[in-house]
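>>> With the input below, show me the fold.
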Amino acid sequence: MLEQRQSETTMAVLNIVRDLLANHGFDAPIGLDDNLGEKGLTSTDMVSLMLSVEDKFNVSIPDREMRPANFRSVSAINALVCGLLTER
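Model (predicted):
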């Protein structure tokens, strides 16, 4: 059950990232550990990403978790989201 939830979370995060990158004309495959900044996401995009994640998963990302490392890759975002969902 937990593994399925993590997989669903990963796919949802990946879709959010793909949509943001598509706004920049980027449509190449994205690996789970790819650096999103290197793929073209700007700091403004990272704020949009954070807000989209909060909305999609109905979570509030605490200030202590608002670090670039938590938004560097799909895997990092997924780990953050799964941690927040577990805390509920």
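
>>> Please tell me how far residue 58 sits from residue 65.
16 Å (CB to CB, to the nearest Å). C-beta: built from backbone N, CA, C; applies to glycine.

>>> With neighbour numbers in mind, choose between those two.
Between residue 58 and residue 65, counted using other CB atoms under 10 Å, the more crowded position is residue 65 (14 against 9).

>>> so that one makes contact with residue 77?
No: the pair residue 65 / residue 77 is not scored as a contact, 10.6 Å apart, by CB atoms under 8 Å.

>>> Compute the number of surrounding residues for residue 75.
Neighbours of residue 75 (other CB under 10 Å): 15.

>>> just residue 18 next, same as before
Neighbours of residue 18 under the rule other CB under 10 Å: 14.

>>> Quickly note the distance from the residue nearest to residue 60 when sequence neighbours are not counted to residue 16.
In space, and not counting its chain neighbours, residue 60 is closest to residue 54: 6.1 Å by CB to CB, 6 or more residues apart in numbering. Note on residue 54: its distance to residue 16, by CB to CB, is 11 Å.
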